[in-house]
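A.B. asks: Here is my input; please provide its structure:
(4 chains)
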Amino acid sequence: MNKVKKNVAEALEGIGDNMTLMLGGFGLCGIPENAIKQLVLLGVRNLTCISNNAGVDDYGLGLLLQNRQIKKMISSYVGENDEFERQMLSGELEVDLIPQGSLAERCRAGGAGIPAFYTPAGYGTEIAEGKETKVFDGKPHILETCLTADYSIVKAWKADTEGNLVYKATAMNFNPVMAMAGKITIAEVEEIVPAGALDPSFIHTPGIFVQRVFQGAVFEKRIEQRTTRNREENGIR
Amino acid sequence: MNKVKKNVAEALEGIGDNMTLMLGGFGLCGIPENAIKQLVLLGVRNLTCISNNAGVDDYGLGLLLQNRQIKKMISSYVGENDEFERQMLSGELEVDLIPQGSLAERCRAGGAGIPAFYTPAGYGTEIAEGKETKVFDGKPHILETCLTADYSIVKAWKADTEGNLVYKATAMNFNPVMAMAGKITIAEVEEIVPAGALDPSFIHTPGIFVQRVFQGAVFEKRIEQRTTRNREENGIR
Amino acid sequence: MALDKIGIAKRIAQELQSGWYVNLGIGIPTLVANYVPHGLDVEFQSENGILGMGPFPFDGEEDADLINAGKQTITAKPGAAFFDSATSFAMIRGKHVQLTVLGAMEVSQSGDIANWKIPGKMVKGMGGAMDLVASAENIIVAMMHSNKAGESKLLKTCTLPLTGVGCVKKIVTELAVLKIEEGKFWLMERAPGVSVEEIKQKTEGELVVPDFVPEMVF
Amino acid sequence: MALDKIGIAKRIAQELQSGWYVNLGIGIPTLVANYVPHGLDVEFQSENGILGMGPFPFDGEEDADLINAGKQTITAKPGAAFFDSATSFAMIRGKHVQLTVLGAMEVSQSGDIANWKIPGKMVKGMGGAMDLVASAENIIVAMMHSNKAGESKLLKTCTLPLTGVGCVKKIVTELAVLKIEEGKFWLMERAPGVSVEEIKQKTEGELVVPDFVPEMVF
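C.D. replies: This is a model prediction of the structure:
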């Protein structure tokens, strides 16, 4: 089943106002940057975005925030974004903050047909308010429900034409679990290879979870915290 | 952290009577055959074995059944084993049959610190008896609890010295989820390679889940249903 | 004349649609893969951990590490993927598989299915069947109309322990194609040369028979 | 004299044990990796998806696809593994990580911790902290004894929204090492040259002080 779309515009067809989108990435690492720019061009509004972070002011999801396209963010950590903080504190932006592990597991559950699961994360905090609790093995847990999206937009390293995806290093992060949870999942990739070119024993996201694939035109891959060591000193372990 | 043990005997040290073991494999594919033979030698008794299947009469877990070492089997499918059927119908063997997807997910949950989750599988059947039910999105689900084991014994293709594992083709099956759920996880592998020899982006089971690794002495890899097609006819799609 | 197993498989293959991922159970369902209409783009998932299942290997090329859920040696097509059991059932439970074809011992007119246990006699286990029937939106049962004792397998209510409730939508037997709606069996097609009378007689559950029942076309 | 951040990191590094997998939070905890005692075999997990985190890359060798949870460019050691976020928190929630070191805004004498929100002022989010503190059997908090306004961060009860309840076992500040037991802070060690009086004065919660409080040894 050939899932390849000829460009980002074709790949994102059908995304409209008021939809719920999942977007992969951790910080600026492994985000679908070409798709995000296209969402700015499309000008779709009132989006609910499920993404671990919210980008920075002028890159990643920050671009959609600047453009007031996002009604609600569902994330675990949204620091490093002044516009975000401003919109949130002023009440323009709804924000649902979720423990990172619960966010990842809720996406996976959404893709796996598991409507809810128990986790100890957040018990005794405001996260637990209004949620069922149950004690297992002497320890209290809260019931978290699954998350799904109208469209999941993920960033992978390579795809084959069948939609099988592989990710590179820590650019994997939330992408595989979000790929599972989209009614329609769109994969932005650096390279598309023929079916059979990827080793079937080493596929991160099997093609059954992916409906569309496109090759990104430009990858800036911005680094948020450039930390290095000097070759001469070489003091750091 | 070097996890390599010099042989199967050293790798299985500590396994005793009345313990709960998880054993990877689907049918006879991807089973830890060297470890199973060692369990026969050790003669440990009253075991609770969690394994998708129960082997055949003279291979795999069937060997432990013949030897009356198993008190209870937790499986999804146990056909193709006469001795099993005999022990079960006579009441010598306790059997807990679980839907295959629930079995896999319960192992994963055990390894992932998720004490329970909801699934639609088994609702309205005897599997649901005594279990909490809850309706999500108009559909009834049952609450299934996680599974863990004193020892998980899995079969992988290769391990590095840090315990990172990769599996081959469909010999993967239950092995990765069971590797997560053992208090102590032992990996039987065909080859041990140095740390750094496996691509870190393509590890199936990260070493954190694995406490011991050993190279199996002999791999029979018996085939349960040898189905082939004739090169000349080549009629089958 | 009643169909043979291959006939049942061929008739079910007509139900396939391009773009579908399909899970085939053990037995007759497995045969469906051999009769995919030409040009149709479907992929087969097997719950032990493969997507893109190919044909049986050539003699001598069997790989013990590459089997399907029926434990048969198979091959993988280009573009296949292997994965663990939890991911496999994530596909199934998460409704990523568009069609499930499986066998049954009994089906009731309300769509209940029993196929894993005969109390006191045979308990092989449900394998993946309970997950499949609980999740699939589109389930076809492939089975013989009657059991070996000659008793109808299409019943008012199942007598054996259930695998799933109210889930079966369509049944293909050696005699007929039937759908289940409003708590009844509806006769849709009959096997070539098989009479409506024979089907009526062999169906214990409530059967709705329209004025005209077409023969299956192959 | 009070420790600097490096001193705190060095003291915490003494708590490491061979064979441990360790998760280090952002800030002071990250520095702990630089002071692992020689010959000790520990591996660092970062919750964005790496096990076997190595040092920062050499200048010019940064890879945008290889970062830690603090979004810093890093390297991977031989034998490292990358994985998705669900698997990463399976490691954390499933207690496969033996030690978690993280920062805090407040810690209470019953082991509650607050570190993610100041209502009306700052809401960056909890990131992985709630999962980490809810699951880890062994949590060390690395923080300054007082906040920027000079108020104690070791309190009878936390005033800020909680990250977790009754989970902190040990705290290392620029002044002291403290454990939490029986709903009290217990003074275990003091920084070189720091008086017990100063620690008492800067600890708002109930503090148990033994007759002899040894100085930290580096």
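A.B. asks: contacts, neighbours, all on C-alpha from now
C.D. replies: Will do.
A.B. asks: Buried residues in the helix or strand hosting residue A:117, which are they?
C.D. replies: Assigned by DSSP states H and E, residue A:117 belongs to strand A:116-119. If you call a residue buried by 16 or more other C-alpha atoms under 10 Å in any protein chain shown, then strand A:116-119 has these buried ones: A:116-119.
A.B. asks: Name the helix or strand of chain C that has the lowest mean pLDDT.
C.D. replies: Least confident element among the helices and strands of chain C, by mean pLDDT, DSSP states H and E: strand C:122-123 (a mean of 79).
A.B. asks: tell me the mean pLDDT for the helix or strand just after that strand?
C.D. replies: Per DSSP H and E, strand C:122-123 leads on to helix C:129-135 as the next helix or strand towards the C-terminus. Here helix C:129-135 scores 96 as its mean pLDDT.
A.B. asks: Alpha carbons of helix C:129-135, in PDB - could you do that?
C.D. replies: The C-alpha coordinates for helix C:129-135 follow below in PDB (Å, rounded to 0.1, in the frame of the first residue of the first chain):
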ATOM      1  CA  ALA C 129      -9.600 -14.800  19.300                       C
ATOM      2  CA  MET C 130     -11.200 -13.000  22.300                       C
ATOM      3  CA  ASP C 131      -9.100  -9.900  21.500                       C
ATOM      4  CA  LEU C 132      -9.900 -10.100  17.900                       C
ATOM      5  CA  VAL C 133     -13.700 -10.400  18.200                       C
ATOM      6  CA  ALA C 134     -13.900  -7.800  21.000                       C
ATOM      7  CA  SER C 135     -12.200  -5.200  18.900                       C
END
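A.B. asks: can you point me to the longest helix in chain A?
C.D. replies: helix A:100-112 (DSSP state H).
A.B. asks: Is chain B within reach of that helix?
C.D. replies: No: in terms of C-alpha under 8 Å from any C-alpha of the partner chain, no part of helix A:100-112 sits within range of chain B; the closest distance is 9.4 Å.
A.B. asks: how about that helix, does it reach chain C?
C.D. replies: Yes: residues of helix A:100-112 contacting chain C under C-alpha under 8 Å from any C-alpha: A:110-112.
A.B. asks: Turn the residues you listed into a markdown table, including pLDDT and neighbour count.
C.D. replies: Below are the residues of helix A:100-112 next to chain C laid out as a markdown table (pLDDT from 0 to 100; neighbours: other C-alpha atoms under 10 Å in any protein chain shown):
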| residue | pLDDT | neighbour count |
| --- | --- | --- |
| A:110 | 98 | 26 |
| A:111 | 98 | 30 |
| A:112 | 98 | 26 |
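A.B. asks: between the residues you listed, which is closest to residue B:142?
C.D. replies: residue A:112 (15.0 Å; C-alpha to C-alpha).
A.B. asks: so how far is residue A:218 from the residue nearest to that closest one when sequence neighbours are not counted?
C.D. replies: Among residues not flanking residue A:112 along the chain, residue C:90 sits closest, at 3.8 Å (C-alpha to C-alpha, 6 or more residues apart in numbering or on different chains). Here the criterion is C-alpha to C-alpha, to the nearest Å. By it, residue C:90 lies 33 Å from residue A:218.
A.B. asks: pretty sure residue A:219 is touching residue A:36, no?
C.D. replies: No: assessed by C-alpha atoms under 8 Å, residue A:219 is found out of contact with residue A:36, at 11.9 Å.
A.B. asks: Comparing these two, which residue is more hemmed in?
C.D. replies: residue A:36 (20 against 11; other C-alpha atoms under 10 Å in any protein chain shown).
A.B. asks: give the contact list for the closest residue in space to residue C:49 that isn't next to it in sequence.
C.D. replies: Spatial nearest neighbour of residue C:49, chain neighbours left out: residue C:83 (4.9 Å); criterion: C-alpha to C-alpha, 6+ apart. When contacts are counted by C-alpha atoms under 8 Å, 6 or more residues apart in numbering or on different chains, residue C:83 is found next to A:201, A:203, A:206, B:169-170, B:172-173, C:49-50.
A.B. asks: can I assume the residue nearest to residue A:112 sits in a helix?
C.D. replies: Yes: counting by DSSP: H, G, I helix; E, B strand; the rest coil, one finds residue C:90 located in a helix.
A.B. asks: Neighbours of it, how many?
C.D. replies: Neighbours of residue C:90 (other C-alpha under 10 Å): 25.
A.B. asks: tell me the pLDDT at it?
C.D. replies: pLDDT, read off for residue C:90, is 98.
A.B. asks: Ok, residue A:85 next?
C.D. replies: Looking at residue A:85, the pLDDT reads 85.
A.B. asks: Now the residue in chain A that chain B sits nearest to: closest residue in space, sequence neighbours ignored.
C.D. replies: Nearest residue of chain A to chain B (C-alpha to the nearest C-alpha) works out as residue A:117 at 4.0 Å. In this structure, residue A:117 finds its nearest non-sequential neighbour in residue B:117, 4.0 Å apart by C-alpha to C-alpha, 6+ apart.
A.B. asks: Next up, the contacts around residue C:82.
C.D. replies: A:200-203, A:206, B:169-170, B:172, C:49-51.
A.B. asks: So what's the predicted local confidence for it?
C.D. replies: pLDDT, read off for residue C:82, is 98.
A.B. asks: and the nearest residue to it once chain neighbours are set aside, what are its bridge partners?
C.D. replies: The shortest distance from residue C:82 to any non-neighbouring residue, by C-alpha to C-alpha, 6+ apart, is to residue C:50 (4.6 Å). Listed by DSSP bridges, the beta-bridge partners for residue C:50 are residue C:46, residue C:82.
A.B. asks: Contact partners for residue C:50?
C.D. replies: Counting by C-alpha under 8 Å, 6+ apart, residue C:50 touches B:169-170, C:68, C:76, C:80-83, C:88.
A.B. asks: cool, residue C:145 as well?
C.D. replies: Listed by C-alpha under 8 Å, 6+ apart, the contact partners of residue C:145 are C:152-154, C:173-175, C:202-203.
A.B. asks: got it, and residue A:132?
C.D. replies: Contacts of residue A:132 (C-alpha under 8 Å, 6+ apart): A:142-143.
A.B. asks: now swap in residue A:84 and tell me
C.D. replies: Contacts of residue A:84 by C-alpha under 8 Å, 6+ apart are A:54, A:57, A:62, A:65, A:78, A:93.
A.B. asks: Now residue C:137: which helix or strand?
C.D. replies: With DSSP H and E as the criterion, the answer for residue C:137 is that it lies in no helix or strand.
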